[in-house]
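In: Using only what follows, build the 3D model:
(one chain, ligands or ions: 1)
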Amino acid sequence: MTSAKVPPVGLVRAVDRIRHHLRQLHQRSAPPPAVLLERILQAWVAQGITAAVQLGVADALADGPLRPEELARRVDANPDTLNRLMRALVSEGIFRRTRDGRYALNALADPLRTDAPVSIAGMARFVGSPQHREHWSQLGEAVRTGEAVIPKMRGLPAFDYLNSDPELGEIFNDAMTSVSELAIAPVVAGFDFTRFATIADVGGGHGRLLSAILEAAPAARGILYDLPQVVEGAPKLLAKYGTADRVEIVPGSFFDSAPAGADLYIMKNIIHDWPDEQALTILRNIRAAAKPGVTLLLVEAVIPEHDREFLAKWIDMEMLIGIAARERTEDEYRKLYQQAGFRLTEVVATASPFSLVQGLAV
Ligand SMILES: C[S@@+](CC[C@H](N)C(=O)[O-])C[C@H]1O[C@@H](n2cnc3c(N)ncnc32)[C@H](O)[C@@H]1O
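Out: Reported below is the predicted structural model:
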């Protein structure tokens, strides 16, 4: 479950720096207009990946390589056009062609399977959906006005809109699950959870992260807090991971209150969903429920000071487009903690884009 191997954080950061320098080298090896064109046309590659997922190409290749005509038959596609899409994807290192001309999975194609251990299929379907593309087409307007796109375009708050259409809701939730799953092992490996007797996951969804934490801290008990309609689905997942008898499920809204009695409060990818005012309400409700000295741990993609590439600089734009929310720097988190009655003690990087923002209730 969480026993996936997690590389040391130092190694991950060193590899990030090497990749950054290699990319710079790659960029300098061609005229700037050509480099820029290549960047712009990455949108086509992204849509090609989405098309492969929509067609179910990786799933069809799960049992082994297939001849082009057989693959086209299995995914119900035009043989000529599928072959052309596969040629383009193979040229990007996604899928490969065997010597005898069959298409096969490779390391980059395997996570496009829907049931891969860490599947990226959900994210590919969401980002390539017509609705998501339409939202991003308005990025310039969002930057000009500082206002979110989805409520203006759809007349509904982002989460309500995404869940208003069952198909889109399923695509969105699959996308969130696939990204969340990527972070679990590095987060659990990055912090000693065994020091705590009661761990509350606020906005913890169905309890996937809490289950992984309880697996790493066998003596601890958990409190799972989320909206009533969300925690309804928790017992099934907790049973699957064998943690149901150690978790108390508490339905409620973090804008009204937080559950009392924990000595660690964790929130993963919650505060980035909200502008400062609402973020402060959530943090203050936790502070009201927590005794002095209790630990608060946020799992967030903290924006680094450096100017190198970092995924959260783009997730920040996604937050703007959806809900006029934002990713934050360490200083911005420090200020929020102070205003809510916590002292930020440390920000620890993990082997994922997520950091652990640690603090104590004062
Ligand atoms: C981005 S998801 C993060 C879920 C989980 N922490 C994770 O990282 O996978 C945001 C979560 O906040 C929950 N949420 C939204 N509004 C809430 C509220 N008012 N009170 C409690 N939870 C809420 C959602 O139901 C959802 O589970």
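
In: ok, so what distance separates residue 350 from the ligand?
Out: As for residue 350, its distance to the ligand is 13 Å (criterion: CB to the nearest ligand atom, to the nearest Å). Yep, even glycine has a C-beta here, placed from its N, CA and C like the rest.

In: could you pull out the strands for this structure?
Out: Along the chain, counting by DSSP state E, strands occupy 96-97, 103-104, 198-202, 221-226, 247-251, 264-268, 295-300, 342-349, 355-361.

In: Was I right to think residue 340 contacts residue 285?
Out: No: look at residue 340 against residue 285 with CB atoms under 8 Å: they stay out of range, at 9.0 Å.

In: could I get the strands of the chain as JSON lines with mean pLDDT?
Out: As requested, those are exported to JSON lines (pLDDT from 0 to 100):
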{"stretch": "strand 96-97", "mean pLDDT": "98"}
{"stretch": "strand 103-104", "mean pLDDT": "98"}
{"stretch": "strand 198-202", "mean pLDDT": "98"}
{"stretch": "strand 221-226", "mean pLDDT": "97"}
{"stretch": "strand 247-251", "mean pLDDT": "98"}
{"stretch": "strand 264-268", "mean pLDDT": "98"}
{"stretch": "strand 295-300", "mean pLDDT": "98"}
{"stretch": "strand 342-349", "mean pLDDT": "96"}
{"stretch": "strand 355-361", "mean pLDDT": "97"}
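
In: who touches stretch 95-112?
Out: Applying CB atoms under 8 Å, 6 or more residues apart in numbering, the external contacts of stretch 95-112 come out as 49, 52-53, 57-58, 61-62, 64-68, 71, 86, 89-90, 93-94, 113, 116, 118-121, 124.

In: Adding mean neighbour count and distance to residue 146, write the strands of the chain out as a markdown table.
Out: Below are those laid out as a markdown table (neighbours: other CB atoms under 10 Å; distance: least, CB to CB, whole Å):
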| stretch | mean neighbour count | distance to residue 146 |
| --- | --- | --- |
| strand 96-97 | 16 | 45 |
| strand 103-104 | 20 | 46 |
| strand 198-202 | 25 | 28 |
| strand 221-226 | 24 | 29 |
| strand 247-251 | 18 | 34 |
| strand 264-268 | 25 | 25 |
| strand 295-300 | 24 | 21 |
| strand 342-349 | 16 | 26 |
| strand 355-361 | 21 | 25 |
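
In: The residue of the chain most remote from its centre and residue 65: what is the separation?
Out: Using CA atoms, centre = their mean, the residue of the chain lying farthest from its centre is residue 100. It sits 38.0 Å away. Using CB to CB, to the nearest Å, one obtains 8 Å as the distance from residue 100 to residue 65.

In: Could you give the number of residues near the closest residue to the ligand within the stretch 51-200 of the chain?
Out: Here the stretch 51-200 of the chain gets closest to the ligand at one residue, residue 180, 3.8 Å apart by CB to the nearest ligand atom. Residues near residue 180, counting by other CB atoms under 10 Å, number 16.

In: pLDDT score assigned to it?
Out: pLDDT recorded at residue 180 is 80.

In: From residue 208, how far off is it?
Out: Distance, residue 180 to residue 208, using CB to CB: 7 Å.

In: go on, residue 84?
Out: Distance from residue 84 to residue 208, by CB to CB: 39 Å.

In: Which of those two has more residues huddled nearby?
Out: Counted by other CB under 10 Å, residue 84 and residue 208 do not tie: residue 208 has more neighbours, with 21 against 11.

In: correct me, but that one touches residue 237?
Out: Yes: at 6.3 Å, residue 208 and residue 237 qualify as touching, with contact defined as CB under 8 Å.

In: how deep is the closest residue to residue 271 other than its chain neighbours tucked in, by neighbour count?
Out: Excluding its sequence neighbours, the residue lying closest to residue 271 (CB to CB, 6 or more residues apart in numbering) is residue 279, at 4.9 Å. Residue 279 has 23 neighbours, counted by other CB under 10 Å.

In: Against residue 205, how distant is residue 279?
Out: 18 Å.

In: Which positions in the protein make contact with the ligand?
Out: 180, 203-205, 209, 226-227, 230, 253-255, 268-270, 273 (CB under 6 Å from any ligand atom).

In: which two of these lie the greatest distance from each other?
Out: Farthest apart among the residues of the chain next to the ligand by CB to CB are 180 and 255. That separation is 21.9 Å.
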